[in-house]
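Pasting a predicted model and its sequence here:
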Amino acid sequence: MTVRLHLLWSRRLPSGCRRCGAAPAPAAAAKSPAAAGAGDVTSPLAGKVVSIDAPVGTAVKAGDKVITLEAMKMNTVVSASSDGTVKAILVNPGDSVEEGQPLLTIG
């Protein structure tokens with residue numbers, strides 16, 4: 001049991017274990033959100049989509065509320081980054097999103 005715990009713990013260390021020579025666990029590839037395009041409104045933080053306030057076809061001005069996100073029981077309003085019309089919505093209410101992930105497209 002002690003040896004098993006030692007090997008499990010030593011694999012978590014970035015350099016492995018100097019005492020027994022156990023190698024560190026291989027690093028997992030980081031999952032990055034899809035690249036945002038020119039007219040995309042991106043998520044400012046990781047969270048869950050609560051509501052979509054500007055459906056497809058809605059004319060918006062820079063600063064208008066387009067999506068509401070929830071993170072740690074706090075709501076965050078996502079505003080339009082430019083004037084235009086909502087061309088596509090890339091998420092649904094209830095979806096989990098990552099920071100920087102495109103939420104909708106304004107054209």
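Now that the structure is in, tell me what you want to look at.

which residue ranges form the strands in this protein?
Along the chain, counting by DSSP state E, strands occupy 40-42, 47-52, 59-60, 65-71, 74-79, 84-89, 96-97, 102-106.

could these be laid out in JSON lines, adding mean neighbour count and mean pLDDT?
Glycine gets a C-beta too; all of them are placed from N, C-alpha and C. Below are those laid out as JSON lines (neighbours: other C-beta atoms under 10 Å; pLDDT from 0 to 100):
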{"stretch": "strand 40-42", "mean neighbour count": "20", "mean pLDDT": "91"}
{"stretch": "strand 47-52", "mean neighbour count": "17", "mean pLDDT": "96"}
{"stretch": "strand 59-60", "mean neighbour count": "16", "mean pLDDT": "94"}
{"stretch": "strand 65-71", "mean neighbour count": "18", "mean pLDDT": "95"}
{"stretch": "strand 74-79", "mean neighbour count": "14", "mean pLDDT": "94"}
{"stretch": "strand 84-89", "mean neighbour count": "16", "mean pLDDT": "94"}
{"stretch": "strand 96-97", "mean neighbour count": "18", "mean pLDDT": "95"}
{"stretch": "strand 102-106", "mean neighbour count": "21", "mean pLDDT": "94"}
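
hang on, Leu103 packs against Val97?
Yes: at 6.8 Å, Leu103 and Val97 qualify as touching, with contact defined as C-beta atoms under 8 Å.

what do these two both touch?
Residues touching both Leu103 and Val97 by C-beta atoms under 8 Å, 6 or more residues apart in numbering: 43, 49, 91.

Relative to Ser82, which of those residues is nearest.
Ser43 (16.5 Å; C-beta to C-beta).

Against Pro102, how distant is that closest one?
Applying C-beta to C-beta, to the nearest Å, the value for Ser43 to Pro102 is 8 Å.

for the shared contacts of Leu103 and Val97, which one is nearest Lys61?
Checking the shared contacts of Leu103 and Val97 one by one against Lys61 (C-beta to C-beta), the nearest turns out to be Ser43, at 20.3 Å.

What is the burial count for the closest one?
Ser43 has 22 neighbours, counted by other C-beta atoms under 10 Å.

Next, the contact list for it, please.
69, 78, 97-103.

would you list the residues you listed in a markdown table and tack on distance to Val86?
Shown next, in a markdown table, are the contacts of Ser43 (distance: C-beta to C-beta, whole Å):
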| residue | distance to Val86 |
| --- | --- |
| Leu69 | 17 |
| Val78 | 12 |
| Val97 | 17 |
| Glu98 | 21 |
| Glu99 | 21 |
| Gly100 | 19 |
| Gln101 | 17 |
| Pro102 | 13 |
| Leu103 | 10 |
